[in-house]
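Novice: kindly generate the corresponding structure for this input.
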Amino acid sequence: MAKGKDARVTVILECTRCVRNGNGVNKESIGISRYITQKNRHNTPSRLELRKFCPRCYKHTIHGEIKK
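Specialist: Alright, predicted model coming up:
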């Protein structure tokens, strides 16, 4: 039987640099880099920030958790 509140939740990580700069560095790049991952709600109650590769910026940047 499933529990009401599971410990693991799905979160979306979005590039913070692309958000600040509009659509990114290059004119031909459209959109924002996003990753989907999971986190344990009990171990990490605050917002998650990971350093991931952004194909729009062509470098590793900080990706922060956003609301769904």
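
Novice: alpha carbons only for contacts and neighbour counts from here, please
Specialist: Noted.

Novice: pull the number of nearby residues for the nearest residue to Glu49 once chain neighbours are set aside.
Specialist: Of all residues not flanking Glu49 in the chain, Gly64 sits nearest, at 4.4 Å (C-alpha to C-alpha, 6 or more residues apart in numbering). Look at Gly64: counted by other C-alpha atoms under 10 Å, it has 19 neighbours.

Novice: any figure for the gap between Gly64 and Lys5?
Specialist: Separation of Gly64 from Lys5 (C-alpha to C-alpha, to the nearest Å) stands at 23 Å.

Novice: for Cys18, what are phi and psi?
Specialist: Backbone torsions for Cys18, taken as degrees, to the nearest 10, come to phi -60, psi -40.

Novice: grab the nearest non-local neighbour of the residue nearest the centre of the chain.
Specialist: The centroid of the chain falls nearest to Leu13 when counting by C-alpha atoms, centre = their mean (0.7 Å). Among residues not flanking Leu13 along the chain, Glu65 sits closest, at 4.5 Å (C-alpha to C-alpha, 6+ apart).
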